[in-house]
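Q: Just to be clear, the model below is a prediction. Sequence and coordinates:
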Amino acid sequence: MTQTYETLLVDVTDRIATITINRPEALNALSRTVIDELLAALDAFRDDDSVGAVIITGAGEKAFVAGADITQVRSYSMGTGLESVMQRAFDAVESFEKPTIAAVNGFALGGGCELAMSTDIRIASATARFGLPEATLGILPGAGGTQRMARLVGTGRALDLVLTSRMLSAEEAERWGLVSRISEPGALLEDARQVARTVLKKGPVAVRLAKLVVRSGADADLATGQVIERLAQSLLYTTSDKNEGAQAFIDKRPAQFRGE
Ligand code: CO8
């Protein structure tokens, strides 16, 4: 039975878990409860073989997540910053073993943009808007935002967003490389599920290792990244999935991967 949450709606269908952050009255802002429940949901999915991929989205059509809950921001102290629960939470999203997709259905601001950036694949509704407006509140994007944005779109563009609080349309976000696909608003979730279904047809060990290699290589020098790549590939060469994938191609049939 799927666990119930106060601030999340969770559905598991065809090995795809959809987590909907459900506080539409506050544009799905990230309260501490949302963060705790998001981590609890990922923990539950980690060892659950009935879940192969996770989609994260927001309730309603207006917002994916409009940032940290500003009503709680006033109580943040230096200790809150140092403890940085949100930074660690998004690290957990980024390093989650199974593929993750953000279906960005509206405003993805501050912590919402940072959450989306910690997923593997970002799909935006044509009406989505992205930004890191923390400086307007006298703080900075402290949940990985200053770092992930610079890595995704380059330092100059990241500084433009961070220093001015400007918002990007879905089209601009795609041009900048912040999202890789745009959907019509009504088709967003189904498009995200289609992407998840496509990934789920691939060799599961290959998908898991490919994610690990791309992620760990992104912050390494080329030679180190290539060593990681070579080691992962050598491991895959020992799997029966590798033989099945090649045989299925020769037989002109879909592969039946066993994850070993
Ligand atoms: N937190 C709490 N409530 C919110 C938030 C939020 N982030 N965003 C919107 N709401 C609430 C509004 O207060 C409003 O509530 P009510 O109806 O009770 O007045 C309701 O949602 C609807 O919002 P608006 O009326 O403002 O809707 P508009 O269409 O006029 O505007 C915007 C939409 C542009 C999205 C606007 O709501 C907005 O600017 N929201 C705030 C965006 C923002 O600044 N986000 C960044 C927050 S800071 C952050 O994320 C820090 C992350 C790193 C922290 C690290 C800590 C260690």
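A: Cool, got the structure.

Q: For the helix or strand where Asn243 lies, give me every contacting residue.
A: Remark: Asn243 resides in helix 240-251, with elements defined by DSSP states H and E. Here helix 240-251 makes contact (Cβ atoms under 8 Å, 6 or more residues apart in numbering) with Gly203, Pro204, Val205, Ala206, Leu236, Pro254, Ala255, Gln256, Phe257, Arg258, Gly259, Glu260. Every residue, glycine included, has its C-beta placed from N, CA and C.

Q: run the last query once more with 10 Å
A: 202-206, 233, 235-237, 239, 253-260 (Cβ atoms under 10 Å, 6 or more residues apart in numbering).

Q: So for it, what gets flagged as buried?
A: Asp241, Lys242, Glu244, Gly245 (16 or more other Cβ atoms under 10 Å).

Q: Could you do stretch 176-196 as well?
A: 176, 178-179, 181-183, 188-189, 191-193, 195-196.

Q: now stretch 193-203: mean pLDDT?
A: Stretch 193-203 carries an average pLDDT of 98.

Q: For that stretch, list the C-alpha coordinates in PDB.
A: What follows is stretch 193-203, C-alpha atoms only, in PDB (Å, rounded to 0.1, in the frame of the first residue of the first chain):
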ATOM      1  CA  ARG A 193       5.600   9.400 -17.900                       C
ATOM      2  CA  GLN A 194       6.500   8.600 -21.500                       C
ATOM      3  CA  VAL A 195      10.100   9.600 -20.900                       C
ATOM      4  CA  ALA A 196      10.100   7.500 -17.700                       C
ATOM      5  CA  ARG A 197       8.600   4.500 -19.700                       C
ATOM      6  CA  THR A 198      11.400   4.900 -22.300                       C
ATOM      7  CA  VAL A 199      14.100   4.900 -19.600                       C
ATOM      8  CA  LEU A 200      12.500   1.900 -17.900                       C
ATOM      9  CA  LYS A 201      12.900  -0.200 -21.100                       C
ATOM     10  CA  LYS A 202      16.700   0.200 -21.000                       C
ATOM     11  CA  GLY A 203      19.100  -2.000 -19.200                       C
END
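
Q: got the contact list for the residue nearest to Phe107 when sequence neighbours are not counted?
A: Closest residue to Phe107 in three dimensions, ignoring its sequence neighbours and counting by Cβ to Cβ, 6 or more residues apart in numbering: Ala63, at 4.3 Å. Each residue near Ala63 by Cβ under 10 Å, 6+ apart is listed here: 21, 23-24, 26-29, 104-109, 112, 128-129.

Q: how near is Ala63 to the ligand?
A: In this view, Ala63 and the ligand are 6 Å apart by Cβ to the nearest ligand atom, to the nearest Å.

Q: Quick check on that residue: phi, psi?
A: When read as degrees, to the nearest 10, the backbone of Ala63 gives phi -140, psi 140.

Q: Okay, and which of the buried residues of stretch 176-196 map to helices?
A: Trp176, Leu188, Leu189, Asp191, Ala192, Arg193, Val195, Ala196 (DSSP state H).

Q: quick one, what contacts the second one?
A: It stands for Leu188. Leu188 neighbours (Cβ under 10 Å, 6+ apart): 55, 57, 61, 64, 103-106, 123-128, 181-182.

Q: Who wins on neighbours among those?
A: Within the contacts of Leu188, neighbour counts (other Cβ atoms under 10 Å) peak at Val104, which reaches 34 neighbours.

Q: Pairing partners for that one in the sheet, please.
A: Ala124 (DSSP bridges).

Q: Would you confirm that it contacts Ala66?
A: No. Between Val104 and Ala66 there is no contact under Cβ atoms under 10 Å: 11.9 Å.

Q: got the residue ranges for the strands in the chain?
A: 8-13, 16-21, 53-58, 63-65, 100-104, 107-109, 121-125, 129-131, 168-169, 181-183 (DSSP state E).

Q: Output the ones you listed in a markdown table, with distance to Leu222 appended to each entry.
A: Supplementary listing: the strands of the chain in a markdown table, determined by distance: least, Cβ to Cβ, whole Å:
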| stretch | distance to Leu222 |
| --- | --- |
| strand 8-13 | 39 |
| strand 16-21 | 34 |
| strand 53-58 | 29 |
| strand 63-65 | 34 |
| strand 100-104 | 26 |
| strand 107-109 | 31 |
| strand 121-125 | 24 |
| strand 129-131 | 29 |
| strand 168-169 | 30 |
| strand 181-183 | 28 |
